[in-house]
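Engineer: Output the structure for:
(one chain, ligands or ions: 1)
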Amino acid sequence: MPAESFPSLPFEPFKTKVVERIPNPSREEREKALERANYNLFNLKSDEVRIDLLTDSGTGAMSDRQWAALMMGDETYAGSRNFFHFESVVRSITGFPFVLPTHQGRAAENLLFSTLCRPGSIVPNNMHFDTTQAHVLHQGAKPVNLAVAEAYDPVSSEPFKGNVDVDALAKLLDREGREKVPLVMVTITNNTGGGQPVSVANFREVARVAKAHGVPLYLDMCRWAENAYLVREREPGQAGRSIPEIGREFFDLADGATMSAKKDGIVNIGGFVATRDESVFDRLREALILFEGFSTYGGLARRDLEAIAVGLTEATELDYLAHRIGQVRYLASLLEARGVPFFHPVGGHGIYLDVRRFLPHLSDDDLPGQALAVELYREGGVRTVEVGALMFGETLRSGSKGLELVRLAIPRRVYSASHLAYVAEVVARVYERRSTVRGVRMVYRPERLPHFTARFAPK
Ligand SMILES: *Cc1c(COP(=O)(O)O)cnc(C)c1O
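Structural biologist: Next up, the predicted model:
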């Protein structure tokens, strides 16, 4: 086991103003719910879930300042003052002059890939997120994952497992050229591969190679502030810098970005696409108006833009990030004490259980990640998600390279340390009786993004 030091209780840099009751379904109710949901946890109702770690996307708690911002909504169709505030915050964080709001990250992806890709295009990324991969495929283009080899090793304690294999990228660009590769994308942090950060040094190299080939470089910046926090901790020479300064180093090297504000914007809905390229912007804007809405609201209520403007700034505050990442590490320390295997080092937004070591008696055909997620719900009403064969299909997996993980994503500012202790207990209990966990089989498989709507049955 790699040597990592985990902190004790993370201090909450906020206090509670409003509370929400937590449901407590009985064992029988949970069993019934699983049957009704066809063993797909996306089909559970929130009242059937005790602790919801399905995702940290849009599930955070807004601050009093954000709720106050909602009251400042100027619901003008065109030219709302909320848009100009939102635009100025995004510009000041990223330096990208052209900013378009979208209702969430995948809408930004749709605009970007439909604008830049053609059938047969190739899009390299350190690792595509599920919706990113699906949108590249939707254009008839090919997503290629080029993360460093350590990204696929759940045990190695390399500090920057989100990094791109720069040699592999250079070879791909030499071979295919800018005709075939309309953009290079890098995801910070790498959600699919354990929420791992990308270093400034690596991104500089990526930018150098992309530039040498004349290929635009875009960031999937959903978790850019968490990435900057981990860079600040781990990368030599970065310790004294602020989160915005470190972020800016990435943005200055890139041509644009897509963002889900449901992540490091700490809102319940929203996103954007931003670029330096005015001709790309013109095409993005046409597509935005067609699919989302006029360019000063992009499918959102204007009040939402105001809440994003505040949330984007809050997400860069060091006490906020120390608590957020501290929560992930606190849960890790409790799991470590019980011998539960998870992906190392612990990244920005959740724990990723290492399914192959957790359930070694199950084969890939048993869909072990899904089987484990089902079992965690059955044991204690904890909802998680498989990140593996099911989420990513065979498209991007080459034999043993495919990671098989179950993600426990921690919503921002929502759960307390005692909730995390409860989660650790549930996971540890399943781990102690792991040999009793049976596989599942898929009885219905949709063609795209199968994990959302597939149906399963116990084996
Ligand atoms: C969440 C996420 C997306 C997609 O954003 P949505 O708002 O869910 O559509 C894209 N990339 C990454 C890395 C993400 O985490």
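Engineer: Would you mind listing what in the chain touches the ligand?
Structural biologist: 57, 104-106, 129, 131-132, 187, 191, 220, 222, 260, 262-263, 271 (CB under 6 Å from any ligand atom). All C-beta atoms are positioned from the backbone trio N, CA, C, and that covers glycine.
Engineer: how does this structure divide into domains?
Structural biologist: 8-56+317-458, 64-314 (automatic domain parsing).
Engineer: List the contacts of the residue in the stretch 51-200 of the chain positioned nearest to the ligand.
Structural biologist: The minimum distance from the stretch 51-200 of the chain to the ligand, using CB to the nearest ligand atom, falls at Gly105 (2.3 Å). The contact partners of Gly105, by CB atoms under 8 Å, 6 or more residues apart in numbering, come to Thr131, Asp220, Cys222, Thr258, Met259, Ser260, Lys262, Lys263, Gly271.
Engineer: ok, and the closest non-adjacent residue to it?
Structural biologist: Once flanking residues are discounted, Gly105 sits nearest to Ser260: 2.8 Å by CB to CB, 6 or more residues apart in numbering.
Engineer: quick one, what contacts that neighbour?
Structural biologist: Ser57, Gln104, Gly105, Arg106, Ala108, Cys222, Gly270, Gly271.
Engineer: just Phe281 next, same as before
Structural biologist: Phe98, Leu100, Thr275 are the contacts of Phe281 under CB under 8 Å, 6+ apart.
Engineer: Write down the beta-bridge partners of the second one, one by one.
Structural biologist: Put plainly, it is Leu100. Per DSSP bridges, the residues bridged to Leu100 are Val273.
Engineer: Need the nearest residue in space to the spatially most central residue of the chain, chain neighbours excluded.
Structural biologist: The structure's the chain has its C-alpha centroid closest to Asn191; by CA atoms, centre = their mean the separation is 4.2 Å. Spatial nearest neighbour of Asn191, chain neighbours left out: Phe129 (5.2 Å); criterion: CB to CB, 6+ apart.
Engineer: ok, now His135?
Structural biologist: Nearest in space to His135, with sequence neighbours left out and distances taken as CB to CB, 6+ apart, is Glu109 at 4.3 Å.
Engineer: tell me which element the one you found falls in.
Structural biologist: helix 105-116 (DSSP states H and E).
Engineer: Kindly format the C-alpha coordinates of that helix as CSV.
Structural biologist: Provided in CSV are the C-alpha atoms of helix 105-116 (Å, rounded to 0.1, in the frame of the first residue of the first chain):
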residue,chain,number,x,y,z
GLY,A,105,-21.4,20.4,-19.5
ARG,A,106,-22.7,18.0,-22.1
ALA,A,107,-24.5,20.8,-24.0
ALA,A,108,-21.1,22.6,-24.2
GLU,A,109,-19.6,19.3,-25.5
ASN,A,110,-22.3,19.0,-28.1
LEU,A,111,-21.7,22.5,-29.4
LEU,A,112,-17.9,22.1,-29.4
PHE,A,113,-17.7,18.7,-31.1
SER,A,114,-20.5,19.4,-33.6
THR,A,115,-18.6,22.5,-34.6
LEU,A,116,-15.1,21.1,-34.8
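Engineer: so for that helix, what's the average pLDDT?
Structural biologist: Averaging pLDDT along helix 105-116 yields 97.
Engineer: how about the following helix or strand past it as CSV, C-alpha atoms only?
Structural biologist: Next helix or strand after helix 105-116 toward the C-terminus (DSSP H and E): strand 122-125. Taking C-alpha atoms only, strand 122-125 is exported to CSV below (Å, rounded to 0.1, in the frame of the first residue of the first chain):
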residue,chain,number,x,y,z
ILE,A,122,-10.0,11.6,-34.0
VAL,A,123,-10.2,13.3,-30.6
PRO,A,124,-7.4,12.6,-28.1
ASN,A,125,-8.0,13.2,-24.4
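Engineer: now for strand 122-125, which elements pack on it?
Structural biologist: strand 142-145, helix 166-180, strand 184-187 (3 or more CB pairs under 8 Å, 6 or more residues apart in numbering; DSSP states H and E).
Engineer: on that earlier part again, inside helices: which ones of the contacts of Gly105?
Structural biologist: Counted as lying in helices by DSSP state H, out of the contacts of Gly105, are Thr131.
Engineer: ok so, going back, ranking the domains of the chain by mean pLDDT, which is last?
Structural biologist: Across these, domain 8-56+317-458 has the smallest mean pLDDT, namely a mean of 93.
Engineer: That domain spans what distance, first to last residue?
Structural biologist: 38 Å (CA to CA, to the nearest Å).
Engineer: One more: stretch 204-220?
Structural biologist: 16 Å.
Engineer: repeat for stretch 310-318
Structural biologist: The first and final residues of stretch 310-318 sit 15 Å from each other (CA to CA).
Engineer: Stretch 15-23 too?
Structural biologist: 22 Å.
Engineer: which residues are contacting it?
Structural biologist: By CB under 8 Å, 6+ apart, stretch 15-23 touches Ser46, Asp47, Glu48, Val49, Arg50, Ile51, Asp64, Gly381.
Engineer: what are the ranges of the helices in the stretch 1-150 of the chain?
Structural biologist: Assigned by DSSP state H, counting those that start in this stretch, the helices in the stretch 1-150 of the chain fall at 27-36, 64-70, 81-94, 105-116, 130-138.
Engineer: The stretch 201-350 of the chain now?
Structural biologist: Counting by DSSP H, counting those that start in this stretch, the helices of the stretch 201-350 of the chain are 224-234, 243-253, 278-291, 302-314, 318-337.
Engineer: Could you tell me the angle between the first one and helix 243-253?
Structural biologist: Okay, so that is helix 224-234. Helix 224-234 runs at 110 degrees relative to helix 243-253, counting by axes from the mean of the first three to the mean of the last three CA atoms, to 10 degrees.
Engineer: Buried residues, helix 224-234. List them.
Structural biologist: Of the residues in helix 224-234, Trp224, Ala225, Glu226, Asn227, Ala228, Tyr229, Leu230, Val231, Arg232 count as buried by neighbour count, 16 or more other CB atoms under 10 Å.
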